[in-house]
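> sequence and predicted structure, then a few things I'm wondering about:
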Amino acid sequence: MHATFDKSRELFKRAEQTIAGGVNSGIRKLEQPVPIYFEKGSGPRVWDVDGNETIDYQLGQGALLYGHAPEGLADAISAQAKLGIHWAAQCELEIEVAERITSMIPSVELVRFNNCATESVMAAFRLVRATTGRTKILRFEGHYHGWGDEGLTGFANPTSTWDDPEHPASVHPSKGVIPEVMEHFVVARWNDPEHLRRLVDEHKGELAAIIFEPAVCNTCCIEPVEGLMSTIRELCDRDGMMMISDETITGFRFGASCAQGYYGFTPDLTILGKAIGGGTPFAALCGTKKSMAKIISGEAIHAGTLNANPLCLAASKWCLDEIISRGDSHPAGTIALGKRLMAGLSEIAVKNGIPIRPQGPGLAFHSVILKDGAAEGPINDYRDYATRHDAARWGHIRLMLLEEGVRAIERGLWSLSTTHTNKEIDDTLARAEIAFARHAAEYQPAV
Ligand SMILES: Cc1ncc(COP(=O)(O)O)c(C=O)c1O
């Protein structure tokens, strides 16, 4: 019996009457066959209103590193709720959380909390401009830095803008953005240190910062090539730019010291989101004392009514203690499970003639589906991905997986939680056997 989604369809129709577009974040509309309505979750599994039980690799867009509704986290939030839900003032908890973060991530001496990573990116951009007196920021194609006017500039450049590979366009996918915003971004291709060096040289003295996702989880889980991180560090030091590591996805997922510890680099500023709050609306801008100076002095304004909300702080303290208590077993255990899943999916795909090439470090990975005739080998950057990955075919495979009870992120990313075990991997592979066979029998590429 495949899963059906009749009740979700009914609720979505009802939602469209009162919620603009029926959803509260545009990306949720990508879910096929319909945005799903959930009732409860436990560890690595979720149940929707149609009674479907699903092994979850979407995990609240990666925020649920500790799985769904961990008991300790729920207790921490409810205990805090009874003491106070919101003060817009200080509490000892905020120091306790900050102390944990600074003890876990060597580059971080100071933090400021926000409600989402989009806000922390906004704060970082203001801070680097206030610090350097320059306005331009260098970013990479395919890297996502939130949905703000600035963070989204040059994210997924349409192929019509690809004519000059040396100078990727600074365009925005949304209407309603002031055109001048785009002039303040220099867009580079990822994973080409010499190209980066040339672009930085062209803009010498103009750039306030270089921002990046250390493993490009939002586009194909593309890890940095050898020498890229050291090149970014070297160029930032040479030209007085600040290095911003956007660890919204990789933060704590890649270990207690985040992707910067995993790959071995030292940024000036770090953005944390998702796993820092275990599914509560919590994020942080973190950095060295020197790089946070303009926030300390108040020259770069940072504010927010709900910043450091006690419910989120209680959640975050629990999450960080979880990571600390796991010691060296995290992320090694999750990596091993993820790699087993990647290998298992590849094996089943071969049997069914599906060119799936899972890519990534295991604790998150992307299911690349090669287009007919596309070259083999790892995907290296956003253009390579857009050229070789068959998004339409992945869409069908994802639907088949969902109908068999396995949910990956719509665009192809899979995230594991610390609650996934070999049992979930076994169950997932058994379900993938059916899903992949159905795909092989049913899929008709559009002509
Ligand atoms: C790397 C990265 N930066 C920033 C953001 C924005 O985070 P939020 O949705 O919490 O605003 C995201 C969200 O997915 C992200 O993946």
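That came through, no problem. Residues are numbered from 1 along each chain as shown.
> got the contact list for residue 387?
371, 374 (C-beta atoms under 8 Å, 6 or more residues apart in numbering). C-betas here are computed from N, CA, C, even on glycine.
> list the buried residues of the host helix or strand of it.
Per DSSP states H and E, residue 387 falls inside helix 382-388. For helix 382-388, a neighbour-count test (16 or more other C-beta atoms under 10 Å) marks 382-386, 388 as buried.
> redo those residues as JSON lines? Include pLDDT.
JSON lines is the format used below for the buried residues of helix 382-388 (pLDDT from 0 to 100):
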{"residue": "382", "pLDDT": "98"}
{"residue": "383", "pLDDT": "98"}
{"residue": "384", "pLDDT": "98"}
{"residue": "385", "pLDDT": "98"}
{"residue": "386", "pLDDT": "97"}
{"residue": "388", "pLDDT": "98"}
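> a markdown table for these, including distance to residue 322?
A markdown table is the format used below for these (distance: C-beta to C-beta, whole Å):
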| residue | distance to residue 322 |
| --- | --- |
| 382 | 33 |
| 383 | 38 |
| 384 | 36 |
| 385 | 33 |
| 386 | 37 |
| 388 | 37 |
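> which among the residues you listed gets closest to residue 362?
Distance to residue 362, by C-beta to C-beta, is smallest for residue 385 among the buried residues of helix 382-388, at 18.9 Å.
> distance of the closest one from residue 192?
Taking C-beta to C-beta, to the nearest Å as the measure, residue 385 falls 14 Å from residue 192.
> all strands for this structure, in order.
38-42, 45-48, 53-56, 110-114, 136-140, 185-188, 207-212, 242-247, 269-272, 283-287, 356-359, 364-369, 406-407, 413-415 (DSSP state E).
> format those as CSV; extra columns: mean neighbour count and mean pLDDT.
Formatted as CSV, the strands of the chain follow (neighbours: other C-beta atoms under 10 Å; pLDDT from 0 to 100):
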stretch, mean neighbour count, mean pLDDT
strand 38-42, 14, 98
strand 45-48, 20, 98
strand 53-56, 20, 98
strand 110-114, 24, 98
strand 136-140, 25, 98
strand 185-188, 22, 98
strand 207-212, 25, 98
strand 242-247, 28, 98
strand 269-272, 29, 98
strand 283-287, 27, 98
strand 356-359, 21, 98
strand 364-369, 25, 98
strand 406-407, 23, 98
strand 413-415, 27, 98
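> returning to that earlier point: do the helix holding residue 387 and the ligand come into contact?
No: shown here: helix 382-388 not in contact with the ligand (C-beta under 6 Å from any ligand atom), separated by at least 13.7 Å.
> and that helix, C-alpha only, in PDB?
Taking Å, rounded to 0.1, in the frame of the first residue of the first chain, the C-alpha atoms of helix 382-388 are listed here in PDB:
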ATOM      1  CA  TYR A 382      26.600  25.300  -8.800                       C
ATOM      2  CA  ARG A 383      26.900  25.400 -12.600                       C
ATOM      3  CA  ASP A 384      28.200  21.900 -12.700                       C
ATOM      4  CA  TYR A 385      25.200  20.800 -10.600                       C
ATOM      5  CA  ALA A 386      22.600  22.700 -12.700                       C
ATOM      6  CA  THR A 387      24.200  21.100 -15.800                       C
ATOM      7  CA  ARG A 388      24.500  17.500 -14.800                       C
END
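> centre of the chain to it, how far?
19 Å (C-alpha atoms, centre = their mean, to the nearest Å).
> ditto for stretch 155-164
So, by C-alpha atoms, centre = their mean, the centroid of stretch 155-164 is 22 Å from its chain's centroid.
> now do stretch 324-331
Using C-alpha atoms, centre = their mean, the offset of stretch 324-331 from its chain centre is 21 Å.
> measure it end to end?
One end of stretch 324-331 sits 11 Å from the other (C-alpha to C-alpha, to the nearest Å).
> just give the nearest non-adjacent residue to the closest residue to the ligand within the stretch 251-400 of the chain, would you?
At 4.4 Å from the ligand, residue 273 is the closest residue in the stretch 251-400 of the chain, using C-beta to the nearest ligand atom. Leaving aside its sequence neighbours, residue 273 sits nearest to residue 117 (C-beta to C-beta, 6 or more residues apart in numbering; 3.1 Å).
> what does the stretch 101-250 of the chain put close to the ligand?
So the stretch 101-250 of the chain meets the ligand at 116-118, 121, 144-146, 213, 218, 246, 248-249 (C-beta under 6 Å from any ligand atom).
> buried residues in the lengthiest helix in the chain?
Determined from DSSP state H, the single longest helix within the chain is helix 329-351. Residues 330-331, 333-335, 337-342, 344-345, 348-349 are the ones in helix 329-351 that count as buried (16+ other C-beta under 10 Å).
> kindly report the same for stretch 317-325.
317-320, 322-323.
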